[in-house]
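Enquirer: Provided below are the primary sequence and the corresponding predicted coordinates.
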Amino acid sequence: METSLPLQQKERIFMIDALRGVALCGILILNMPYFARAYQLDFDLRVLQETSMRNIVSWMTTGFVLGGSFRAMFSMLFGAGALLIISRLEKQSGLGAADIYYRRLIWLLVFGLVNAYVLLWPGDILYHYAICGLFLFPLRKSSVKLLLYLCLFFLCVNMFKSYLKNEEALDKREKGLAAMTLEKEKKTLTEEQKGDLEKWKETIDKSKAESVKKEVEKENKAMLKSYPEVWKHVKSTNAKFESTAFYDNIFFDVMICILLGMVLYKTGVLTGDKSTGFYAGILILGYGLGIGEGIMAGIYWYNAQMDFYDFIDRWPFPFTLYDLHRALVAMGHIGLICLLYKSGAFHGFLKLYACVGQMAFTNYLSQSIICTLIFYGYGLGYFGQFERYELFYFIFGIWVFQIIFSNIWLKYFLFGPLEWVWRSLTYWKRQPMLRTRQVELALA
C-alpha cells in the first residue's frame, strides 16, 4: 500500500541537506557564465581581451579550480538521496516502492524538459538525473565494492572517449598539414587530400580570435531577442544535450558521481559518521590533487594561448582528467563541510544551507527563472554585458536571496513549493503543505 505522508523530519539527514544546499549554491558558479554570456567565451580569454587580473582569476577559478565540482557533489547527493528514498519507500510500501520511485523519476524528467524547453536553460541536469536514476533501483542493494567498480568503469569509458577524440583531432591536423605541404610544393592533390586540406583550413579559421568573436556577436544578438526567437535558437542545443551529447559522455559523467555518492552514503561519509581525521584526510587529498590538477590544466591552457592543438601537445596525458578532477574537488568540499559540522561551531551556519538543500528542487529551477529573466532578451536583456568577474556579483546576490527565502519559507511550510508539486504528482494526491500544530506533532 502506498503512503502519501510527507517525509518525516526525523528521517531527514541534516548533513545531506546541508551538503546539498552548498552544492546547489555552488552550481551557479559553473552555470552563470552560460546564463549571462556566449558559450564561445567559456575558456577563451583572447576574444574580448580579458587580461585583467580579476578576469584571469575568475576564469581560472570557474573553469579549472572549481570546474564542475559542485555539480559532481550535487550528483553524488542525488545518488545518496535515491538510496535514502528507496529504503524508506520499501519499508512503507514493499514492492510498491519501485512504482513510486519510477513515477518520481518520470515527473523529474518532465520538469527537466520544462527547464530546457520552457525556461530555456540548455544546461538543465534534471533530465539527465531522471534517465540515470532509472538504473539505480536495481543497484540499491549492491555492495560498495561493486558500486566502486562500476564507478571506475564509467570513469575509464569517459577517459578512453577523450583519448579517441584527441587522437582524431591530431590525425586531422597531421593529414591537413601534409596536404598543405603538398599544395605549397605545387603537387597535385587527391580528392581525399583536398578534403583533408579543406577541413584543416576550416579548423584553423574557426579557431582564430576574430572568428570566435563573430560567433559571440551572433550569439549575443540571438539571445537578446524575443521569447519565441530565443526558443528557436536554443532548441537545437537542448535537443543535442538531451540526445547525442548525453549518450556520448554526459551519461557516463553523471553516473560516475551518482555511483560514488551511493558509496559515500553506504559507508557513512555523507552522514557525518566518520572521524574528524577521516574528513581532514579527504579534504587534503581531494583539494590537493583535484585543485592541483585544475591549476595545472589552467596554466597549460593559458600558455597554449587557448589553442586546443597546442594544449594537446603540451598536456602530459593522452586524455582529459576532468572527471577525476571534479570528483576529487567535490570530495574536498565534502571533507570541509563535514569538518565544520563536527567542530560544533558551525551548526547555525550549516542550518542556513540545510534549508536551501531541503528546497533544492525549487531553488535549482528558480535559478533558471531568475537568470534567464535577468540576461535574456525577453527579460532585462543583460546578456553579454558583463565581464567574467562581474558575474560573481549576481552569483552572490542570488545566493543571499535563496538562503533567506528558503529559511523563511520552511518556517511556515513543510516543503518548498515545487517539492510540494513534485511530491503531490508522484503520489497523485494533494500533500499537506502548511506547518500546523497537528502536523508538527505527527512528525515529531
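Expert: Thanks, I have it. Numbering: from 1, shown residues only.
Enquirer: how close does residue 404 get to residue 352?
Expert: 9 Å (Cβ to Cβ, to the nearest Å). In this view, the C-beta of every residue, glycine as well, is placed from N, C-alpha and C.
Enquirer: hmm, who's touching stretch 56-68?
Expert: 26, 29-30, 33, 42-43, 45, 50, 291, 294-295, 297-298, 301-302, 322, 325-326, 329, 388-389, 391-392 (Cβ atoms under 8 Å, 6 or more residues apart in numbering).
Enquirer: of the residues you listed, which belong to strands?
Expert: Among the contacts of stretch 56-68, no member is found in strands (DSSP state E).
Enquirer: pull out the buried members of these.
Expert: 26, 29-30, 33, 45, 50, 291, 294, 297-298, 301-302, 322, 325-326, 329, 388-389, 391-392 (16 or more other Cβ atoms under 10 Å).
Enquirer: among those residues, which lie within helices?
Expert: 26, 29-30, 33, 291, 294, 297-298, 301-302, 322, 325-326, 329, 391-392 (DSSP state H).
Enquirer: identify the farthest-apart pair in the residues you listed.
Expert: 26 and 302 (23.5 Å; Cβ to Cβ).
Enquirer: list the contacts of stretch 300-319.
Expert: Under the contact criterion Cβ under 8 Å, 6+ apart, stretch 300-319 has outside partners 43-46, 56, 64, 159-160, 162-163, 166-167, 169-170, 173, 207, 297.
Enquirer: where do the helices of the stretch 301-444 of the chain begin and end?
Expert: 308-314, 322-343, 347-358, 360-375, 391-412, 417-427, 437-443 (DSSP state H, counting those that start in this stretch).
Enquirer: would you mind putting those into a markdown table with mean pLDDT and distance to residue 211 alongside?
Expert: Below are these laid out as a markdown table (pLDDT from 0 to 100; distance: least, Cβ to Cβ, whole Å):
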| stretch | mean pLDDT | distance to residue 211 |
| --- | --- | --- |
| helix 308-314 | 95 | 14 |
| helix 322-343 | 96 | 25 |
| helix 347-358 | 95 | 41 |
| helix 360-375 | 98 | 24 |
| helix 391-412 | 97 | 24 |
| helix 417-427 | 94 | 42 |
| helix 437-443 | 54 | 60 |
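Enquirer: so which of those gets nearest residue 96?
Expert: helix 417-427 (10.8 Å).
Enquirer: so how far is that closest one off the chain centroid?
Expert: Mean-position distance between helix 417-427 and its chain equals 23 Å (Cα atoms, centre = their mean, to the nearest Å).
Enquirer: what's the pLDDT at residue 63?
Expert: Residue 63 carries a pLDDT score of 93 in this model.
Enquirer: the one 3 residues further on now?
Expert: pLDDT recorded at residue 66 is 94.
Enquirer: neighbours of residue 188, how many?
Expert: Residues near residue 188, counting by other Cβ atoms under 10 Å, number 8.
Enquirer: I am finished for the moment; much appreciated.
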